[in-house]
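Student: build me a structure from this.
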Amino acid sequence: MDNAFRRKAVTFATVVLAWAALIFSVARPASAGLFEFTLKDEKELGEKFNALIRARLPLVDDAEVQAYVAGIVDRVAKSLPPQPFPLTVGTIQNNALNAFAAPAGYVFIFTGLILHLDHESQVAGVIAHELAHVTQRHLASRYEKMTTLSIAQLVGMVAGIALGAAAGAPEAGSALIIGSQAAATQTYLGYSREDEREADQVGMNYLTAAGYPPQGMVGAFEIIRRMRWLKGQGEIPAYLSTHPDVAERIGYLKDRIKQMPKAIRDRTNDDTRFLRIKTIVRARYDDPKLAMAAFRARGDKMTCLDRLGLAVAMGRTHDIAGARTAFGEALACGGDDALVLREAGRFEAKARNFDQAETYLRRSMDKNPNDLTTLFEYARLLAQSGRVAQALPLMNRVRMNFPENADMYTAYGQMLGQSGDLFQAHLNLAYAAVFENNERQAKFQMDKAKSLARTEEQKREFAKIEELFKKRSEFWKKRII
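Tutor: As a prediction, this is how the structure comes out:
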């Protein structure tokens, strides 16, 4: 991460309280008095926090990665007692070894968690620990005890620290792993020794109930501790350097594992999907030079997945000829894999070799018709060749499953324009602009859509984008980055 972005992120984190107060001064009366944290308050805080994170941090748009991360969270969450809010999962494109759970059921996982850990059970162990903080109401109980903080201050504090974590900037607030949204200096939200111990123990219950090897939680802690010593505090959460001591925590978790039934202790890791997702994340979202070096370092031990990863990473550079050669090797090795075909199709589309791209994408769809990323790329090719009627239902399906992805709404809006449905075209382009935080373009597209709204249904649809614009534009009043 370059220094310019780091400085901007730090600046943003330090002023977030000020503009958050401006936002919430409208939502809550000044005479509210002592802070009472109700479910309505939590819903409001969670929604605004979610909007802020999505406005300021890039989220992964790969359908397979999204489905995988959400699948781990859902698997672990099956053992949770009833919760007042459903879990909403997002994957943030950031190499920090971090993640967090926000109020009202919002859970965000950083791609660095996938890149730096060795097994799916370790990722699940970290998630289980945080979900235990949620179910044991460690953070909620602190909210309830706050008699001097408003929701405005809470959202500023939580958001500032989450963004500081993304910037790798301890001066912006050290993020504690998975939802410990404040460092020791943030005494309002700091977890106690008892909280952490309980989250370890309850989280272990959730991890094993989900069928994972219990060693996953211990392994995650050990990797985080090792990386902390290698890298310092910058991109490593302060979670394991606070209370209780990390060695003590690893020790009592290992002692507990020894007491478990042999059948649970002897569980093995199944990392088939984990390695697949790790390849996608490294190749598509890590620095391409670092990714290429990592795959090449495998040497003679390169797998078909490694070859695909190298090809994808090379496809992000200007070496088109080298990337095409690498994709040829990946196809020769694993050309029956829908993922290999999908990525080869995406590369050929970028290289403007549309006929070959369509062939690969069509074959990928045949093998995995549920891969929405493939559907997106294939629908775009159909529209480019004038087959808009075929493209529209595919793109609409993609859009419905990517509710806040600007690229999806842009493509869908352009297709609707090609088809002659101008109201829906401008409406969807307005959504795209809102999700891109582009106020000027959003207003332009909304004005166009409003002038075309004739039926009562169209007017109701326009009212929805107006409400969304109102909520999101609150975060555009003070542009920091």
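
Student: going forward, measure contacts and count neighbours with C-alpha atoms only.
Tutor: Noted.

Student: would you map the helices across the stretch 351-481 of the chain?
Tutor: In the stretch 351-481 of the chain, the helices defined using DSSP state H, counting those that start in this stretch lie at 354-367, 372-384, 388-401, 406-419, 422-435, 439-452, 456-473.

Student: with mean pLDDT and mean neighbour count added, can I get these in JSON lines?
Tutor: Shown next, in JSON lines, are these (pLDDT from 0 to 100; neighbours: other CA atoms under 10 Å):
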{"stretch": "helix 354-367", "mean pLDDT": "97", "mean neighbour count": "19"}
{"stretch": "helix 372-384", "mean pLDDT": "95", "mean neighbour count": "22"}
{"stretch": "helix 388-401", "mean pLDDT": "94", "mean neighbour count": "18"}
{"stretch": "helix 406-419", "mean pLDDT": "95", "mean neighbour count": "22"}
{"stretch": "helix 422-435", "mean pLDDT": "96", "mean neighbour count": "25"}
{"stretch": "helix 439-452", "mean pLDDT": "97", "mean neighbour count": "18"}
{"stretch": "helix 456-473", "mean pLDDT": "94", "mean neighbour count": "15"}
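
Student: now the ones you listed as TSV including distance to residue 302?
Tutor: Output for the helices of the stretch 351-481 of the chain, formatted as TSV (distance: least, CA to CA, whole Å):
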stretch	distance to residue 302
helix 354-367	23
helix 372-384	25
helix 388-401	33
helix 406-419	33
helix 422-435	39
helix 439-452	46
helix 456-473	46
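
Student: separation between the closest residue to residue 462 other than its chain neighbours and residue 420?
Tutor: Nearest non-adjacent residue to residue 462, counting by CA to CA, 6 or more residues apart in numbering: residue 450, 6.8 Å away. Counting by CA to CA, to the nearest Å, the gap from residue 450 to residue 420 is 16 Å.

Student: how about residue 109?
Tutor: 40 Å.

Student: between the two, point out the one with more neighbours.
Tutor: residue 109 (28 against 11; other CA atoms under 10 Å).

Student: quick one: contacts for the more buried one?
Tutor: For residue 109, the contacting residues are 69, 89, 90, 91, 92, 98, 99, 100, 178, by CA atoms under 8 Å, 6 or more residues apart in numbering.

Student: what's the burial count for the fifth one?
Tutor: Burial measure for residue 92: 23 neighbouring residues, criterion other CA under 10 Å.

Student: in the sheet, who's paired with it?
Tutor: Taking DSSP bridges as the rule, residue 92 bridges to residue 59, residue 110.

Student: going forward, count from 24.
Tutor: Let's use 24 as the start, then, which means that last one is residue 115.

Student: and it, what's its pLDDT?
Tutor: At residue 115, the predicted lDDT confidence score is 91.

Student: distance of it relative to residue 137?
Tutor: Taking CA to CA, one finds residue 115 at 11 Å from residue 137.

Student: ok, and the closest non-adjacent residue to the residue nearest to the spatial centre of the chain?
Tutor: Residue closest to the mean C-alpha point of the chain, counted by CA atoms, centre = their mean, is residue 114 at 1.4 Å. Spatially, and ignoring its direct neighbours in sequence, residue 114 is nearest to residue 132 (4.8 Å; CA to CA, 6+ apart).

Student: does the residue nearest to the centre of the chain touch residue 134 like I think?
Tutor: Yes: using CA atoms under 8 Å, residue 114 is in contact with residue 134, at 6.6 Å.

Student: the strands in the stretch 74-223 of the chain, which residues?
Tutor: Using DSSP state E, counting those that start in this stretch, the strands found in the stretch 74-223 of the chain span residues 111-115, 122-124, 129-133.

Student: what's the second one packed up against?
Tutor: The one in question is strand 122-124. In terms of contacts (3 or more CA pairs under 8 Å, 6 or more residues apart in numbering; DSSP states H and E), strand 122-124 is packed against strand 129-133, helix 143-158.

Student: dump those into TSV; add distance to residue 297 as well.
Tutor: Shown next, in TSV, are those (distance: least, CA to CA, whole Å):
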stretch	distance to residue 297
strand 129-133	14
helix 143-158	6
